[in-house]
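Engineer: 3D, please:
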Amino acid sequence: MTAPILIFDSGVGGLSVVGALRTRLPGAPLAYVCDNAALPYGTKPDAWLVARIVAVCRAAVEASGARALVVACNTASTLALQALRECLSIPVIGTVPAIKPAAHASRSGVFGLLATSATVSRPYTQRLIGEFAPDCTVVRLAADPLVAQAERVLTGMPWDDAIIAASLAPLWEASRLDTVVLGCTHFPLLREALERHAPREIVWIDSGDAIARRVAQVVSPIVSEATRDAPGSDASWASAPQQSGLARTLASYGFSAPRSLALPDPVLTF
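Structural biologist: Numbering: from 1, shown residues only. Alright, predicted model coming up:
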């Protein structure tokens, strides 16, 4: 069997890129790993996060035999990509906020960056803005509560309208804002709710298709559909596999029930 492409996220947010990957690479087996025992990442200290991310990804790459790692998490990507590339021998594809596409899409030159606290404040994010949107006004908004809302939705619970409205409210203070970057892979999973709470028509931009295009560039050859196992056989792992609704959520994206990810001893807890 061809080695899979491994998708990593702190929780189920990385599932937002699975559809784009399956569309662009229809014959490629995938695997998924989430560090849901450590959610949310965006509020944790940098040094702890780097160590934790490296430990989880190394364990998952070994368990899955992956041929490439997709870090489908903006927080992890802006913080730990270099460390991951130094310790892994396979290609590592990261996720960064879609600042460049937003700068092109915004007619007013005013757009929002909706992300976690870690991504919003990261120097890497400021460099992206300086390089690709120097003439734009970028409203940066940390919306950490939306991560938990996305996790709720995908595990079968309704979102909380009050939390979503409060999380978005500061964006609408910029009257000319016409575009919003979804700078966390969890947030596209809330697209319906986000649109419902927008006071006007907004262009929402995420990184899913860009990630899939990059993976297609670095991973080859693409295997044919005939070489794959039966549908739904793609493997998954989690640091807390018994989380309510997780197995059902992963199954809806074509993954088998999550296995427990064996982490180094002592486990990095927070």
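
Engineer: neighbouring contacts of stretch 134-144?
Structural biologist: Stretch 134-144 is contacted from outside by 40, 42-43, 99, 102-103, 106, 109-117, 120-121, 125, 129, 167-168, 170-171, 174, 176-177, 184, 187, using CB atoms under 8 Å, 6 or more residues apart in numbering. For glycine as for every other residue, the C-beta is placed from the backbone atoms N, C-alpha and C.

Engineer: of the residues you listed, grab the buried ones for ChimeraX.
Structural biologist: Selection of buried members from those for ChimeraX, criterion 16 or more other CB atoms under 10 Å:
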select :40,42,99,102,103,106,110,111,112,113,114,115,116,117,120,125,129,167,168,171,174,177,184,187
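
Engineer: out of the contacts of stretch 134-144, which sit inside helices?
Structural biologist: 99, 102-103, 117, 120-121, 125, 129, 167-168 (DSSP state H).

Engineer: what is the nearest of those to residue 22?
Structural biologist: Set against residue 22, the nearest of these by CB to CB is residue 102 (25.1 Å).

Engineer: regarding this structure, what is its longest helix?
Structural biologist: Max-length helix for the chain by DSSP H is helix 46-64.

Engineer: pull out the buried residues from that helix.
Structural biologist: 49-50, 52-61, 63-64.

Engineer: that helix: how far from the chain's middle?
Structural biologist: Remark: helix 46-64 is offset 15 Å from the chain centroid, using CA atoms, centre = their mean, to the nearest Å.

Engineer: go on, stretch 185-205?
Structural biologist: With CA atoms, centre = their mean as the basis, the mean position of stretch 185-205 lies at 16 Å from the chain mean.

Engineer: equivalent analysis for stretch 6-21, please.
Structural biologist: With CA atoms, centre = their mean, you get 6 Å for stretch 6-21.

Engineer: check stretch 82-96 too.
Structural biologist: 15 Å.

Engineer: what about residue 97, distance to residue 206?
Structural biologist: 9 Å (CB to CB, to the nearest Å).

Engineer: and the two? Which one has more around it.
Structural biologist: Neighbours per residue, other CB atoms under 10 Å: of residue 97 and residue 206, the larger number sits with residue 97, 30 against 24.

Engineer: now the more buried one, what's its secondary structure?
Structural biologist: Classification of residue 97 by DSSP: H, G, I helix; E, B strand; the rest coil places it in coil.
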